[in-house]
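Asks: Just need the structure, nothing else, for what follows:
(3 chains)
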Amino acid sequence: MISKTQIPEDKVIVARDLTKKFGNFTAVDHLSFEVGKGEIFGFLGANGAGKTTAMRMLCGLSKQTSGEAWVAGYDIARETEKIKRCIGYMSQKFALYEDLKVWENIRLYAGIYGVPEKDIAGRTDDLLKRLGFEAEKQALVKSLPLGWKQKLAFSVAIFHEPKIVFLDEPTGGVDPAVRRQFWELIYQAADRGITVFVTTHYMDEAEYCNRVSIMVDGHIEALDTPNNLKQQLEAKNMDDVFHQLARKAKRTEQ
Amino acid sequence: MNAVSANLIGKKYGKLQALSGISLEVGEGDIFGLIGPDGAGKTTLFRILATLILPDEGTASVCGFDVIKDYAKIRKVVGYMPGRFSLYQDLTVLENLTFFASVFHTTVEENYDSVKDIYQQIEPFKNRRAGALSGGMKQKLALCCALIHEPSVLFLDEPTTGVDPVSRKEFWTMLQRLKQRGISILVSTPYMDEASLCDRIALIQNGKFLKTDTPQNIIKGFDSELWSVRSDHMSKLLSDLRLNEGVSSSFAFGDAHHVTLKNGKCNSHDLSVYLDGLKHTNVCIQKIEPNVEDCFMQLSGKNIL
Amino acid sequence: MNDFSNMTKPTAKGNWIFFMAFVRKEFHHIFRDKMSMLILLVMPILMLILFGYALNTEVKNSKVAVYDPSQDEATRAIVEKLQVNDYFVLHRMLKSPDEVDRVFKSGEVAMVVVFSEHFYESLVHGGKAQIQLIADGTDPNTANTITTYASTIINNYQQELLKTGAIPYQITPEVKLLYNPSMVAAYNFVPGVMGMIILLICAMMTSVSIAREKENGTMEILLVSPMKPLYVILSKAVPYFFLSVVNLITILLISVFVMGVPVAGSLFWLIVLSLLYIFVSLALGLLISSVVNSQMAAMLISAMGLMMPVMLLSGMLFPTENMPVALQALSDIIPARWYIIAVKKIMIKGLSVGSILTELAILGSMAIVLVTVSLRNFKIRLE
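Replies: Numbering: from 1, shown residues only, chains lettered A, B, ... in the order given. Down below sits the predicted model:
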């Protein structure tokens, strides 16, 4: 047990022996890691390795069985409400309301996260201008191409300038060119000091992360910069790294 | 006879032109890949070929049967795996397989050989409900169900979407084995790296084929030299590259940026000098072979213009 | 080259195996979904109890027949008063007491007024006279309301007489309810609940479960199989047919042994009638499922499109005779209305099958029309 004062100031996520069991099954097994401010942290792993379970705990959606973690300085078990206020979340499955207009979605999320009413209109216009979506302000979200939706969803998720944004497979199925534009948005956010915690199945995207963790069977098998991982495993790229590590998996199911 | 052939297929949903001018031929025993992002029209094309919807224009046939007239015959010889996981989540693995076997007037025992390779991997979980399986397992079960009646042609709509790289590789190994058994496969994917595993591919975007050919020929068709550029500051490198007038395109590509240069305006030496001048350290510029993703971006860039 | 010529043709045996496999799968779905199991089994019981608190309704223009052996000043005055009232319409005069039974069985009238013989004489000389008010107790609300109105009118007449003469005249209206002497409200709502539950299970559950196949994408796979789409649909109907039968038995057992409503007529014909109604309801469910693509839409259409009209227009809660002509016409095309009428006749009045031939014919033709339309509507493709 460590006290709050021992959490390093510059660490936005600190996990110590974080564990989640479902009955006999240990989905997440003594996870320990730290993520620094403004870092792009790639959270990789095979299907069923425990990524989603770990991410849910960090977002305060699910309670750990044992261990501890702090997100933005708050205890994930006791201060979930405070955590939710300073994180952003976006997934491939659910991002925006399809039947609302672009600006209505922005206003909705801004309202939920307590952005002052007087700022919303101005910041909405800024955002749309940056994305080049001015003409689509009045368009229904469902009429936009997938890549645009994902870019917009990401911008909405960081509209309230959270300390951390969790991205769950944000680029699945997205056009290759748009996928790269998406990552440029991620870089911009990280440059502003927003920590980015991202999962992906595209191994080239793993290269864009500052550090990458690879989960196997509920625990972190490797955690380092992409370059160091490649050197350690004498791999030519991250795809190779992933295959070498994930092959160690014993369990095939959860 | 081709396993699948389509001639100038067009389909509209209201004002939206979902497909236009689609022509393709899938040779017998070939793996044909439809490569393109979500919303490009892949699912619509699958549904037309699987006789689920009617094309507005053009003709298509599967195993020589017309998709409109002979739909009942086609339904006997194809195995279809829709994009979403489309099995009964509240039935167990074995119950799903048994059910689909009887749908196709056969039994699991009778056709066990055709699914054995794949089924053995999920057999330990045969009494588990399908809804409780992980992504990779679900895909294997769905493939088993699509194969249980020994189809001649397989339609697989994005079987690997959302599946991790290791399971994806396994899945493609299974497809290669099916190909060896003489099954023709039409498969779609948004992952460009899977293109090289197909015999022929079509790059699809906004309802149109950008190009149809073998992966090798598509790569040969990349009409400029491609350079891989690295330095210690990759994100600054990308913006600096874009500011250089001699650079025609530059995209982040994993650990390097892929760059094409405007002919006659700039060469790799000029670029090296330019980057040194901007105080980039450990600059490394190499000429590389393009991959399918490079080709897709080049072709789609032209398509937009 | 694969040889496509020796493709296995779907044989009768193959179809049968498929059919049974499908039925088995359908039962798996039902038994594994605890929530819908609970709804299916508990709902009939809950509804019987809920509708036990039947609603009080106002009755207008009830048809009345009169048997008046006296034909004197007093009886004419009372008939006159009944007639000028909004509540009653004089349907006809009866010639003999035997006719009373007949007019009720034919459903011609809601109430019969029977005067005693030598009415005026007894009233003036003996100071006492008798009137019998006979109403159809299968609908206790209506019966109760109209007999109360009639008694009030007779009492008013008595008050007038008292003002004019010195003798304290006394007319005793004696209320008699046919078929349902103890005025058990259950007599009214048991047939109604039967009509509703069966419709709900068959139409709503079938359409929802077909819509679920569309939502989950499994319909795509089923369509792209050599299976005739017709079989897919038919095998959906079988489990719900069984469930409806189970519910029918539950309702009957509860109504006989708990609510004390006997099956007065032929149980055989009651079951035949119910099977026909189940068939109509299944056909309605199939029709709904052919036009909707989501479970939500199937649920809403079944609830709003079927349940509401059944509750409001079938005569289950409100007598249809008070409704505007347009609504009455609408109520005629509601299968539940005919089913409920027929159940009342067989189960409660104990009439023979001859009395429900009209209802059987109507339900039968509805079944044919619905099945034809829904089969014609069934799509072999997704759009």
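
Asks: Count the neighbours of residue 78 for me.
Replies: Just so you know, I chose chain A. 10 (other C-beta atoms under 10 Å in any protein chain shown). (C-beta placed from N, C-alpha, C; glycine too.)

Asks: Correction: the question concerned chain C.
Replies: 25.

Asks: now for the helix or strand where it lies, which elements pack on it?
Replies: Using DSSP states H and E, residue C:78 sits in helix C:73-84. With contacts defined as 3 or more C-beta pairs under 8 Å, 6 or more residues apart in numbering or on different chains; DSSP states H and E, the packing partners of helix C:73-84 are strand C:88-94, strand C:111-115, helix C:119-121, helix C:140-164.

Asks: Pass me the low-pLDDT residue ranges in the stretch 1-150 of chain B, would you?
Replies: By pLDDT under 70, the stretch 1-150 of chain B contains no weakly predicted segment.

Asks: Run through the residues that contact residue A:201.
Replies: Contact analysis of residue A:201 by C-beta atoms under 8 Å, 6 or more residues apart in numbering or on different chains lists A:169, A:172, B:162-165, B:168, B:191.

Asks: and the stretch 51-200 of chain B, which residues reach chain A?
Replies: B:121, B:125, B:128, B:133-137, B:158, B:161-169, B:190-193 (C-beta under 8 Å from any C-beta of the partner chain).

Asks: Okay, buried residues for the helix holding residue C:78 please.
Replies: C:74-75, C:78-79, C:81-82 (16 or more other C-beta atoms under 10 Å in any protein chain shown).

Asks: about what we covered before: name the nearest of the contacts of residue A:201 relative to chain C.
Replies: residue B:162 (15.0 Å; C-beta to the nearest C-beta).

Asks: what's the neighbour count on the closest one?
Replies: 20.

Asks: ok so it is a helix residue?
Replies: No - if the criterion is DSSP: H, G, I helix; E, B strand; the rest coil, then residue B:162 is coil and not within a helix.

Asks: Okay, and which of the residues of the stretch 51-200 of chain B next to chain A map to helices?
Replies: Mapping these onto helices (DSSP state H) picks out B:121, B:135-137, B:165-169.

Asks: Counting neighbours, which of the residues you listed end up buried?
Replies: Buried members of those, scored by 16+ other C-beta under 10 Å, are B:121, B:135-137, B:165-169.

Asks: Get me the contact residues on the stretch 1-150 of chain A for chain B.
Replies: So far as C-beta under 8 Å from any C-beta goes, the stretch 1-150 of chain A lies against chain B at A:45-49, A:92, A:145-147.

Asks: Those residues in strands, which ones?
Replies: residue A:45 (DSSP state E).

Asks: State whether residue C:130 and residue C:123 are indeed in contact, as I suppose.
Replies: No - with contact defined as C-beta atoms under 8 Å, residue C:130 does not reach residue C:123; the gap is 9.6 Å.

Asks: out of these two, which sits in the more crowded spot?
Replies: More crowded of residue C:130 and residue C:123, by other C-beta under 10 Å: residue C:123, with 24 against 16.

Asks: Would you mind confirming that that one makes contact with residue C:131?
Replies: No - Residue C:123 lies out of contact with residue C:131 (C-beta under 8 Å); the separation is 10.4 Å.

Asks: about what we covered before: take the contacts of residue A:201 and lay them out in CSV including distance to residue C:376 and pLDDT.
Replies: Formatted as CSV, these follow (distance: C-beta to C-beta, whole Å; pLDDT from 0 to 100):
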residue, distance to residue C:376, pLDDT
A:169, 44, 89
A:172, 41, 84
B:162, 40, 81
B:163, 42, 85
B:164, 47, 86
B:165, 50, 88
B:168, 45, 89
B:191, 44, 91
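
Asks: wait, which of these is closest to residue A:217?
Replies: residue B:164 (13.1 Å; C-beta to C-beta).

Asks: leaving aside the residues next to it on the chain, what's closest to that closest one?
Replies: In space, and not counting its chain neighbours, residue B:164 is closest to residue A:46: 4.2 Å by C-beta to C-beta, 6 or more residues apart in numbering or on different chains.

Asks: Return the residues in contact with the one you found.
Replies: By C-beta under 8 Å, 6+ apart, the neighbours of residue A:46 are A:215-216, A:246, A:249, B:136, B:164, B:166-167.

Asks: Let me see the domain layout of chain B.
Replies: Per automatic domain parsing, the structural domains of chain B span B:4-220, B:226-289.

Asks: My error: substitute chain C in the last question.
Replies: Using automatic domain parsing, the domains assigned to chain C come out as C:22-54+C:185-377, C:62-178.

Asks: Buried deepest among those domains, which one?
Replies: Across these, averaging neighbours per residue (mean count of other C-beta atoms under 10 Å in any protein chain shown) puts domain C:22-54+C:185-377 on top, at a mean of 19.

Asks: And the spatially most central residue of chain B, how far from residue B:293?
Replies: The centroid of chain B falls nearest to residue B:189 when counting by C-alpha atoms, centre = their mean (2.6 Å). Distance, residue B:189 to residue B:293, by C-beta to C-beta, to the nearest Å: 12 Å.

Asks: ok so, going back, check the ones in helices among the residues of the stretch 51-200 of chain B next to chain A and tell me the two furthest apart.
Replies: Maximum distance among those (C-beta to C-beta): 17.2 Å, for B:121 and B:165.

Asks: any weak-confidence spans in the stretch 101-250 of chain C?
Replies: C:165-171, C:176-188.

Asks: Let me see the ranges of the helices in it.
Replies: For the stretch 101-250 of chain C, the helices defined by DSSP state H, counting those that start in this stretch occupy C:119-121, C:140-164, C:186-199, C:206-216, C:218-223, C:229-253.

Asks: How about the stretch 1-150 of chain B?
Replies: For the stretch 1-150 of chain B, helices defined by DSSP H, counting those that start in this stretch occupy the ranges B:42-49, B:71-77, B:93-103, B:112-122, B:135-147.

Asks: Make a markdown table from those and add distance to chain C to it.
Replies: Below are the helices of the stretch 1-150 of chain B laid out as a markdown table (distance: least, C-beta to the nearest C-beta, whole Å):
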| stretch | distance to chain C |
| --- | --- |
| helix B:42-49 | 6 |
| helix B:71-77 | 4 |
| helix B:93-103 | 4 |
| helix B:112-122 | 13 |
| helix B:135-147 | 7 |
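
Asks: Would you mind listing what in the stretch 201-305 of chain B touches chain A?
Replies: B:205, B:234-235, B:238, B:251-255, B:293, B:296-297, B:300-301.

Asks: By neighbour count, which of those residues wins?
Replies: residue B:296 (26 neighbours).

Asks: Which residues lie in contact with it in this structure?
Replies: Residue B:296 touches A:176, B:35-36, B:192, B:203, B:205, B:210, counting by C-beta under 8 Å, 6+ apart.

Asks: Report the lowest-confidence entry in the contacts of residue A:46.
Replies: Least confident of the contacts of residue A:46 in the model: residue A:249, at 76.

Asks: which residues touch whatever residue of the stretch 101-250 of chain A ends up closest to chain C?
Replies: As assessed by C-beta to the nearest C-beta, chain C sits closest to residue A:142 within the stretch 101-250 of chain A, at 15.8 Å. Contact partners of residue A:142, counting by C-beta under 8 Å, 6+ apart, are A:98-99.

Asks: Surely it is in a helix?
Replies: Yes - Residue A:142: assigned to a helix according to three-state DSSP.

Asks: show me where pLDDT drops low in chain A?
Replies: Scanning chain A for pLDDT under 70 picks out A:1-6, A:94, A:251-254.

Asks: in terms of contact, does residue C:29 touch residue B:95 like I think?
Replies: No - judged on C-beta under 8 Å, residue C:29 makes no contact with residue B:95 at a distance of 10.6 Å.

Asks: Residue 28: how many residues sit nearby?
Replies: As the question left the chain open, I've gone with chain A. So residue A:28, with other C-beta under 10 Å, has 28 neighbours.

Asks: Not quite, go with chain B.
Replies: Neighbour tally, residue B:28, other C-beta under 10 Å: 16.
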